[in-house]
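> No letters, just coordinates:
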């Protein structure tokens, strides 16, 4: 498995001034489910989300799809210091990525399309069945079988949600040849630059 990259580490206050709407947030979790994803994809990355700035409210929001809850949004600060109400930060590491073409495509109309797609899917369920299908594809790929791209539906695993939001803006992320989008694909796409890691309160 590849290692977590060596990156500049910024405190939350510094990081939030540099984050732009549409930046991708990748997580390398220390949770059991995270480790399963890491092992299956040969990557330290276990979760993908993206961020939107709400400067009028002085908030940087994370938009994501998570198991048991589906598509949701929460302040980035909760990842840093009070993840899931624990009083502690996320158990793992976080990095911020930026697509080379994002600024070019992020016209007011483009951002409206992306934001509408993202918000209209709040509370859509996490695709538990797709995790099983992906597991089957991973095993099949090891045995030399491939079955093409997975069919899209209105349930999302984390990386699918980000992929589809980006697609609404006109960005295609190159994804796993086995037919599913994984957090690792965002790190492997040469059009996405990994900028920095955010320091998390423990």
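Everything's here; your move. Note that the structure is a prediction, hence the values are computed from the model and not measured. Numbers count the residues shown, from 1 in each chain.

> Walking through this structure, point out its strands one by one.
Residue ranges of the strands in the chain, as given by DSSP state E, are 9-10, 24-29, 47-54, 59-66, 70-75, 92-99, 192-198.

> How about the contacts made by the residue nearest the centre of the chain?
With distances taken as CA atoms, centre = their mean, the chain has residue 48 as the residue nearest its mean C-alpha position (1.4 Å). When contacts are counted by CB atoms under 8 Å, 6 or more residues apart in numbering, residue 48 is found next to 24-27, 64, 158-159, 161-162, 183, 186. The C-beta positions use only the backbone N, C-alpha and C, and glycine is treated the same way.

> Name the nearest of those relative to residue 175.
Within the contacts of residue 48, the smallest distance to residue 175 is 8.0 Å, found for residue 159 (CB to CB).

> Could you count how many residues lie near the closest one?
29 (other CB atoms under 10 Å).

> and residue 8, how far is that from residue 38?
23 Å (CB to CB, to the nearest Å).

> So which of these two has more stuff around it?
residue 38 (21 against 9).

> pretty sure the more buried one contacts residue 32?
No. Taking contact to mean CB atoms under 8 Å, the distance of 10.8 Å between residue 38 and residue 32 leaves them out of contact.

> what are the ranges of the helices in the chain?
Shown for the chain, the helices assigned by DSSP state H span residues 12-18, 32-41, 76-81, 102-105, 108-120, 128-142, 158-169, 183-188.

> for this structure, where's the lowest mean pLDDT among helices and strands?
Of all regular secondary-structure elements in the chain, judged by mean pLDDT, DSSP states H and E, the least confident is helix 128-142 with a mean of 57.

> wait, what's in contact with residue 176?
Applying CB under 8 Å, 6+ apart, one finds that residue 176 lies in contact with 41, 182, 184-185.

> which two in the residues you listed are spaced the farthest apart?
41 and 185 (8.4 Å).
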